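S.K.: Task: produce atomic coordinates for the following.
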Amino acid sequence: MVTKIKSTNTGQLGRITGRRVAARGKAGGSGKSRDSGRQDDVAISTISRTIGAAGEAITQAPDVRVELVEPIREALAGGRYNISSLDVADKILRQVLQDRKSRM
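M.R.: Residues are numbered from 1 along each chain as shown. This is a model prediction of the structure:
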């Protein structure tokens with residue numbers, strides 16, 4: 001959806017910026033600028049490129065690391081994966097205590 005700008009209020013813009021603003025032609029004009037010989041430049045920082053590359057790597061990475069999950073799955077299916085209920089309870093209680101500490 002495109003919204004056409006019918007007019008500009010340069011006086012209000014001047015009050016906001018503290019500078020005088022000249023109108024660049026009437027609205028709905030040809031769209032050509034007075035400085036048609038100038039080009040716009042865009043520079044992307046190294047950090048932006050690194051963040052973009054990291055985002056791309058994340059989207060291409062698998063959701064599940066099969067090489068780690070498969071041996072556990074096979075051990076569970078074969079009855080060879082023993083889980084200590086004491087270890088599970090200990091980890092649950094440690095997590096609860098840590099959560100309570102972080103809230104205080």
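S.K.: What ranges does this protein have for its helices?
M.R.: Under the criterion DSSP state H, the chain carries helices at the ranges 10-17, 46-60, 66-78, 85-103.
S.K.: quick one, phi/psi of residue 80?
M.R.: Residue 80 has phi and psi values of phi -100, psi 0 when expressed as degrees, to the nearest 10.
S.K.: count of neighbours near it?
M.R.: 8 (other Cβ atoms under 10 Å). Any C-beta I mention is one placed from the backbone N, CA and C, and that applies to glycine too.
S.K.: for residue 96, same thing?
M.R.: Using other Cβ under 10 Å, residue 96 has 10 other residues around it.
S.K.: What separation do you get for it and residue 84?
M.R.: According to Cβ to Cβ, to the nearest Å, residue 96 and residue 84 sit 18 Å apart.
S.K.: ok, the closest residue to residue 81 other than its chain neighbours - how many residues close by?
M.R.: Leaving out its chain neighbours, the residue that sits closest to residue 81 by Cβ to Cβ, 6 or more residues apart in numbering is residue 75, at 3.7 Å. Using other Cβ under 10 Å, residue 75 is surrounded by 12 other residues.
S.K.: What does the pLDDT read for residue 75?
M.R.: Note on residue 75: pLDDT of 95.
S.K.: Equivalent analysis for the one 3 residues further on, please.
M.R.: With respect to pLDDT, residue 78 has a value of 95.
S.K.: Scan the helices and strands of this protein for the one with the lowest mean pLDDT.
M.R.: helix 10-17 (a mean of 61; mean pLDDT, DSSP states H and E).
S.K.: That'll do, ta.
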